[in-house]
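Asks: How does the following fold in three dimensions:
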Amino acid sequence: MAAAVFVFDAYLIVKEPDSAAAFITQIGLPGHVAGVPLVMVLALCQLVGAIMLVFGFWTRFAALCFAAFCVATAVLVHHNFGSTSETIQAGKDMAIAGGFLFLFGSGPGRWSIDGRRGGL
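Replies: Below is the predicted model:
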């Protein structure tokens, strides 16, 4: 289910790249990385990472990356703790990060690609 959140986010970014780009530049992030729009890099990372989680390929690595992404989102995007909605969003991001850290610690299941290869 956690992977679905990131697939949907990637879809929204690809569907409305200008809106996503305006948002990330508004919060102070660069619009481009190595000549590529940052939003497209984010969408690709979210989609590839979600696929890795669904199939259990490099599960611990993907989980750790998503945990870091969620913490960074909470800190960089939802930092206005004077706003109730921002505080709630930051809390949700931290909770999702906690779930990914649990996945990092527990590792892949035996039906995953990693599980069939002897784990990672």
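
Asks: ok, A97 - contacts?
Replies: A97 is in contact with F66, A67, A68, C70, V71, A74, counting by CB atoms under 8 Å, 6 or more residues apart in numbering. Any C-beta I mention is one placed from the backbone N, CA and C, and that applies to glycine too.

Asks: ok, the residue nearest to the spatial centre of the chain - contacts?
Replies: In the chain, the centroid-proximal residue (CA atoms, centre = their mean) is F66; its distance is 4.4 Å. Shown in contact with F66 (CB under 8 Å, 6+ apart): A2, F6, G49, L53, I96, A97, F100.

Asks: so which of these comes closest to S112?
Replies: Proximity of the contacts of F66 to S112 (CB to CB) peaks at L53, which lies at 9.2 Å.

Asks: quick one: buried residues of the helix or strand that C70 is a member of?
Replies: Assigned by DSSP states H and E, C70 falls within helix 59-76. Using 16 or more other CB atoms under 10 Å as the test for burial, helix 59-76 gives 59-60, 62-67, 69-71, 73-74.

Asks: can you list contacts of the least confident helix or strand in the chain by mean pLDDT?
Replies: Here the helix or strand of the chain ranked lowest by mean pLDDT, DSSP states H and E is strand 32-33, holding a mean of 80. For strand 32-33, contacts defined as CB under 8 Å, 6+ apart pick out L38, V41.
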